[in-house]
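A.B. asks: how would this look folded up:
(chains A and B)
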Amino acid sequence: MNYTRKDWLLAGLSGTALLIILALLAVLLGQIVMHGAPTISGEFLSGSPTADMTGGGIWPAIYGTVFMTLLMTLAGVPVGIATAVYLTEYASSRSRMAQLVRVAVNNLAGVPSIVFGLFGLGFFVLFVGGTLDTMVYGEGTAPVWGKPSILWASLTLAVLTLPVVIVTTEEALRQVPKELREASLALGATRFQTVYKVVLPNAVGGILTGVILAVSRGAGEVAPIIFVGAANFLPYLPTDLRDMFMHLGYHVYALATQSPNVDAARPTLFGTVLVLLTLTFSLNFLAIIIRSRTRATRT
Amino acid sequence: MSAADPAMPPLTAKPTGAEAADLGGQADASASGRGAPPLGTTFQTPLWHKVAEKIITFMALTAIAAIVLIFLFIAREALPMLWEAEFAHEVNLRDLFFARQWNGYDEAVYIWQPVGSVPKYNVIPLFVGALKVTVLAMLMSVPLGIGSALFVALYAPRRVREVVKPMVELLAGIPSVVLGFFALMVVATWAQDLFDFRFRLNAVVAAIALSLTIVPVIFTIAEDALQAVPRSLSEAALALGARKYQVALRVVVPAAIPGIAAGVVLGFGRAIGETMIVLMASGNAAMMEPFNMATSVRTVTATIAAELGEVAVGDPHWRVLFLLGVLLFAVTFVLNVIGDLAIRRLQKRLTAT
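C.D. replies: The predicted structure is shown next:
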């Protein structure tokens, strides 16, 4: 096809938009790697922060982030997969409840992360934790459950990541050919047998992709956990579900905005950002790889 | 069986038909490792299947429960402001939304100043701040997002598309605290050198970082919408002698417009709810200057994040912060519904043609 000048103009303008975005991404990654890489050392990864947080390592923050992410995955992913199974395998598309669930999932995905933080504080910490405390220890004692902790932070983030798990799992389940289900049912398998012996094993790649994407999103969220469990500085690692914890993202926020000497904290900051970014990016890469593998085997 | 048959001595007594069927059934069962029910009995669904199905249905209710509980438990902390004496003593409900001429001021003003001898909790400056940053970010990200979606959907060769889409996903996967940090440490310094802002951290700096979170939203939804436009439409236009740019702007884009609009609306919702970027990079001074882009701004989300940690449970200030949460929830809820409706309309329109 022969392009006119207007064709070139449109292609050029839209191409420029794409180039600007990619350039911004490159600058962002370049700056962080350039300033962050010199800080990374064995000591930085395995040590504890010094008292003023400008030096030392970030091991408690790495540990806290991973611990919280695992708890969040354990709590949220089974529920998300079950919901997706319900929506695709059990509910008819006209069922009132399925429609309600869909509306809820869509809206849950759009709730701002800070609102999840308010919810975590109002519901998990004050209501659930507070009620547990009065039930177990009686009125008026020092809070044991009713205070910010790694448990409440993980549960809050589990709710936040729920829609991601549901939507991606649903997509994966829908890609399992209908014929497989029909063959299984025709052989006399029950619907449940069909789901867990035929549908789920065939969708496992897609589900895994969704789970990893959700986990990577949850690992990087800071706003929801500011009031429900993240700690500025903890001299010990969290061992109990009721402990508070250090978090890579929160560490970056606290250090960058509240440190008395930001210039001294600069290397630590860039190093921490690089570690956080490496963590979330490796999860994202894993998801992309798994997805392309599953696509390749299907076609 | 058939593979084993030739090896069998031909003179061995053949089992009768009924026995053969029975044997075959057993052989199959042992081969696949699970006990098939003997013929003639009806299969009973094991109890745990039924239990598991009940659990699945129950778990599916979690999403509904979550959205209801979120609203209820934020409202639960905010609503007592309507009847609590302690609250009424400190704050006049009218002052939350309307300007008031405070002692020592020449005129009625909108002020958010929660700490002081006379705390002032007017939420309008916070919403003005949020809108200012968001609109500014939209001005940058809408052209970038839609432009690159157009390029990828209409012009880019397949290979470019396969590289670009994961890159945009990567951008979407960057935690917002990292973008906020980037704005605070890098963009702010560069912007200062370039424009000589009075405030190092301001609406422009925050909006630049914010647009990086919205671009993937707009790009992804708009690109999907553009791809979903049936090929027959553009081919028909081309066959009628239209130029490629005419096909793009007069056929493909109009057909995909609900999807593009949905991307913009959902991007707007994302931007107004974004917390860490504005908290770190906007300067956080609540100023009522809607049209001056170089000033520091304080948004709704940043206010909640910055102040809630220092307030006692049940304090009037605490109640107002949860009220901000309720308002934010309501705004994004409405934006989501609009975005969803737009996407549904797109689907209907494209399946109808």
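A.B. asks: what does the stretch 151-299 of chain A put close to chain B?
C.D. replies: By Cβ under 8 Å from any Cβ of the partner chain, the residues of the stretch 151-299 of chain A that approach chain B are A:159, A:162-163, A:166, A:188, A:190-193, A:213, A:216-217, A:219-223, A:226-227, A:249-250, A:252-253, A:256-257, A:266, A:269-270, A:273, A:276-277, A:280-281, A:284, A:288. Heads up, the C-betas are built off the backbone N, CA and C, glycines and all.
A.B. asks: 6 Å instead, please
C.D. replies: A:159, A:190, A:192, A:216, A:220, A:222-223, A:226-227, A:249, A:252-253, A:256-257, A:273, A:277, A:280, A:284, A:288 (Cβ under 6 Å from any Cβ of the partner chain).
A.B. asks: and those, which of them are in helices?
C.D. replies: A:159, A:192, A:216, A:220, A:249, A:252-253, A:256-257, A:273, A:277, A:280, A:284, A:288 (DSSP state H).
A.B. asks: out of the residues you listed, the closest to chain B would be?
C.D. replies: Chain B has its nearest neighbour among these in residue A:220, at 2.7 Å by Cβ to the nearest Cβ.
A.B. asks: show me where pLDDT drops low in the chain?
C.D. replies: Using chain A here. A:1-2, A:51-52, A:295-299 (pLDDT under 70).
A.B. asks: ah, I was thinking of chain B
C.D. replies: Applying pLDDT under 70 to chain B flags residues B:1-43, B:290, B:352-353.
A.B. asks: can you pull up the most central residue in the chain?
C.D. replies: Here I'm looking at chain A. Centroid check for chain A by Cα atoms, centre = their mean gives residue A:218 as the closest residue, at 1.9 Å.
A.B. asks: try again with chain B
C.D. replies: The residue lying closest to the centre of chain B (Cα atoms, centre = their mean) is residue B:270, at 5.6 Å.
A.B. asks: check which helix or strand that residue maps to.
C.D. replies: helix B:253-273 (DSSP states H and E).
A.B. asks: buried sites along that helix?
C.D. replies: Buried residues in helix B:253-273, counting neighbours by 16 or more other Cβ atoms under 10 Å in any protein chain shown, are found at B:253, B:255-273.
A.B. asks: gap between it and the chain center?
C.D. replies: On the basis of Cα atoms, centre = their mean, to the nearest Å, helix B:253-273 sits 11 Å off its chain's mean C-alpha point.
A.B. asks: how about the residues of the stretch 51-200 of chain B by chain A?
C.D. replies: B:53, B:56-57, B:59-60, B:62-64, B:66-67, B:69-70, B:73-74, B:77, B:144, B:147-148, B:150-151, B:155, B:166, B:171, B:173, B:175, B:177-178, B:181-182, B:184, B:186.
A.B. asks: which of those are buried, as a PyMOL select command?
C.D. replies: Filtering these down to the buried ones (16+ other Cβ under 10 Å) takes a single PyMOL command:
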select buried, chain B and resi 53+56+57+59+60+62+63+64+66+67+69+70+73+74+77+144+147+148+150+151+155+166+171+173+175+177+178+181+182+184+186
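A.B. asks: filter the residues of the stretch 51-200 of chain B next to chain A down to the ones in helices?
C.D. replies: Checking those against DSSP H, those in helices are B:53, B:56-57, B:59-60, B:62-64, B:66-67, B:69-70, B:73-74, B:77, B:144, B:147-148, B:150, B:166, B:171, B:177-178, B:181-182.
A.B. asks: distance of residue B:124 from chain A?
C.D. replies: Distance check for residue B:124 against chain A: by Cβ to the nearest Cβ, to the nearest Å, it reads 19 Å.
A.B. asks: now that residue: closest residue in space that isn't a chain neighbour?
C.D. replies: If the residues on either side of it in the chain are set aside, residue B:124 comes closest to residue B:110, at 4.4 Å by Cβ to Cβ, 6 or more residues apart in numbering or on different chains.
A.B. asks: before we move on, what about residue A:293?
C.D. replies: Leaving aside its sequence neighbours, residue A:293 sits nearest to residue A:205 (Cβ to Cβ, 6+ apart; 6.6 Å).
A.B. asks: do the same with residue A:80
C.D. replies: Counting by Cβ to Cβ, 6+ apart, the residue nearest residue A:80 is residue A:165, at 2.9 Å.
A.B. asks: Three-state assignment for the one you found, please.
C.D. replies: Counting by DSSP: H, G, I helix; E, B strand; the rest coil, the backbone at residue A:165 sits in helix.
A.B. asks: around it, how many other residues sit close by?
C.D. replies: Residues lying near residue A:165 (other Cβ atoms under 10 Å in any protein chain shown) number 29.
A.B. asks: got the contact list for it?
C.D. replies: Applying Cβ atoms under 6 Å, 6 or more residues apart in numbering or on different chains, we find residue A:165 in contact with A:77, A:80, A:210, A:214.
A.B. asks: which of the residues you listed sit farthest apart?
C.D. replies: A:77 and A:210 (9.1 Å; Cβ to Cβ).
A.B. asks: is it true that the residue nearest to residue A:293 touches residue A:294?
C.D. replies: Yes: using Cβ atoms under 6 Å, residue A:205 makes contact with residue A:294 at a distance of 3.0 Å.
A.B. asks: quick check: residue B:277 touching residue B:209?
C.D. replies: Yes: between residue B:277 and residue B:209 there is a contact under Cβ under 6 Å: 4.8 Å.
A.B. asks: what is in contact with these two at once?
C.D. replies: With Cβ under 6 Å, 6+ apart as the test, residue B:277 and residue B:209 both reach residue B:179.
A.B. asks: and the helices in chain A?
C.D. replies: Under DSSP H, chain A gives helices at A:5-36, A:42-46, A:59-85, A:96-110, A:113-119, A:130-137, A:150-174, A:178-186, A:191-193, A:200-220, A:248-258, A:262-298.
A.B. asks: tilt between the third one and helix A:150-174?
C.D. replies: I take that to be helix A:59-85. When axes from the mean of the first three to the mean of the last three Cα atoms, to 10 degrees is applied, the directions of helix A:59-85 and helix A:150-174 differ by 40 degrees.
A.B. asks: counting by contacts, list what helix A:59-85 packs against.
C.D. replies: helix A:150-174, helix A:200-220, helix A:248-258, helix B:47-60 (3 or more Cβ pairs under 6 Å, 6 or more residues apart in numbering or on different chains; DSSP states H and E).
A.B. asks: highest mean neighbour count out of those helices?
C.D. replies: Highest mean neighbour count of the helices and strands packed on helix A:59-85: helix A:150-174, a mean of 25 (counted as mean count of other Cβ atoms under 10 Å in any protein chain shown).
A.B. asks: now that one against helix B:47-60, angle please.
C.D. replies: Using the same axes, to 10 degrees: helix A:150-174 against helix B:47-60 is 110 degrees.
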